[in-house]
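> Could you work out the structure for the sequence below:
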Amino acid sequence: MTSQDPASATTHFGYQTVPESEKARRVADVFHSVAARYDVMNDLMSAGLHRLWKAFTIGQAAIRPGMRVLDVAGGTADLARAFAKRARGPGRDGREGEVWLTDINASMLGVGRDRMIDDGLLMPVAQCDAEKLPFPDEYFDVVSVAFGLRNMTHKDAALAEMRRVLRPGGKLLVLEFSKLLPGLKPLEKLYDVYSFKVLPWLGAKVTDDAESYRYLAESIRMHPDQATLKAMMEGVGFDRVEVFNLSGGVVALHKGWKY
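Now for the predicted structure:
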């Protein structure tokens, strides 16, 4: 919970309470550190499951030629690259497809841009804060954010911005780590061991940075659960918010519409 006084406002950085003004710098340091090996670590951490989670999200996005799509906190461009391949060319109204890759972190954005170029995709990129998106109202057909929302200081403000830039009839897709389903409670201790022992150990071995992966594990625990995030999306005006639990709730996809 944050203070009402901006000068003394605090927020969470993992399990630590820090000044809001300091969180952005700390999160930036984490992702500058891990950017070069981010995709390798994703494969190791999830045993490749992140590819299936993203494939499900891409399917739910249902991108068609001519659509305008915004990938927020898009990092290494897994979603943006898939969206671009589907949005290319004119739609039924003659409008050319347009996919933007954005991230607040220059190191992550650079990796994503290079991967797009390697795929022969010339897409616009923008380094920007999700809480202050530099796009006009009602511009995009689809907005996505994958594994980025939990790092944002004011999640409700970011969600409101994503809704602002969506056209009426557009949809938001939020793919994020979440909470194990009630029936899997007996696995929580094992999940904790994996999160707080194995992940930092992998981080130390692969990226020489255990602390960044300890923060990432803590940030997952501090992120709102499925019902809370659904309520947050509804609170900023999204309709028909659906929740898809993946891998027993380890990850959830929230899909909401703007009407």
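> which SSE is A28 in?
Following DSSP states H and E, the helix or strand that holds A28 is helix 20-34.
> so what's the residue lying closest to G148 once chain neighbours are set aside scoring on pLDDT?
In space, and not counting its chain neighbours, G148 is closest to A73: 2.6 Å by C-beta to C-beta, 6 or more residues apart in numbering. Using the backbone N, CA and C atoms, a C-beta is placed for each residue, glycine as well. At A73 the predicted local confidence, pLDDT, stands at 95.
> Kindly report the same for W100.
97.
> Number of residues surrounding T57?
Other residues within reach of T57 by the criterion other C-beta atoms under 10 Å amount to 22.
> Quick one: list the elements packing against the host helix or strand of it.
Take DSSP H and E as the rule and T57 turns out to sit in helix 49-61. Helices and strands touching helix 49-61, as assessed by 3 or more C-beta pairs under 8 Å, 6 or more residues apart in numbering; DSSP states H and E, comprise helix 38-46, helix 78-87, strand 140-146, strand 166-177, strand 239-246, strand 251-257.
> Buried residues, that helix. List them.
For helix 49-61, the neighbour count (16 or more other C-beta atoms under 10 Å) marks 50, 53-54, 56-58, 60-61 as buried.
> would you turn those residues into TSV with distance to F244 and pLDDT?
Conversion of the buried residues of helix 49-61 to TSV gives the following (distance: C-beta to C-beta, whole Å; pLDDT from 0 to 100):
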residue	distance to F244	pLDDT
H50	15	94
W53	10	96
K54	13	96
F56	7	98
T57	9	98
I58	13	98
Q60	7	98
A61	13	98
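> In a markdown table, list these along with distance to D103.
Compiled in a markdown table, the buried residues of helix 49-61 are given as follows (distance: C-beta to C-beta, whole Å):
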| residue | distance to D103 |
| --- | --- |
| H50 | 17 |
| W53 | 19 |
| K54 | 16 |
| F56 | 22 |
| T57 | 17 |
| I58 | 18 |
| Q60 | 21 |
| A61 | 18 |
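> Look at the closest residue to H223 other than its chain neighbours and tell me its secondary structure.
Using C-beta to C-beta, 6+ apart and skipping the chain neighbours, the partner closest in space to H223 is R150 (4.0 Å). Remark: R150 carries the secondary structure label helix [criterion: DSSP: H, G, I helix; E, B strand; the rest coil].
> quick one: pLDDT of R150?
As predicted, R150 sits at a pLDDT of 92.
> gap between it and A77?
19 Å (C-beta to C-beta, to the nearest Å).
> More neighbours: which of the two?
More crowded of R150 and A77, by other C-beta under 10 Å: A77, with 26 against 22.
> For my notes, confirm L101 occurs in a strand.
Yes. Following the definition three-state DSSP, L101 is counted among the residues of a strand.
> who does it bridge with?
Taking DSSP bridges as the rule, L101 bridges to D71, V125.
> show me the contacts for it.
The contact partners of L101, taken as C-beta atoms under 8 Å, 6 or more residues apart in numbering, are 71, 74, 77, 80, 109, 112-113, 116, 123-126.
> repeat for D225
If you count contacts by C-beta under 8 Å, 6+ apart, D225 has them with 178-179.
> Likewise for M162?
Listed by C-beta under 8 Å, 6+ apart, the contact set of M162 reads 70, 72, 130, 133, 143, 145, 172.
> and the residue nearest to G148, how far is that from E96?
Counting by C-beta to C-beta, the gap between A73 and E96 amounts to 25 Å.
> Repeat that for Q16.
Shown here: Q16 relative to E96, a distance of 46 Å by C-beta to C-beta.
> One more: L202?
From L202 across to E96, the span is 42 Å (C-beta to C-beta).
> got it, and F147?
Computed as C-beta to C-beta, the F147 to E96 distance reads 29 Å.
> So between those two, which is more surrounded?
Neighbour totals were compared for F147 and E96, and F147 leads with 21 against 13 (other C-beta under 10 Å).
> Could you verify my assumption that the more buried one touches L173?
No. At 12.0 Å, F147 and L173 do not qualify as touching, with contact defined as C-beta atoms under 8 Å.
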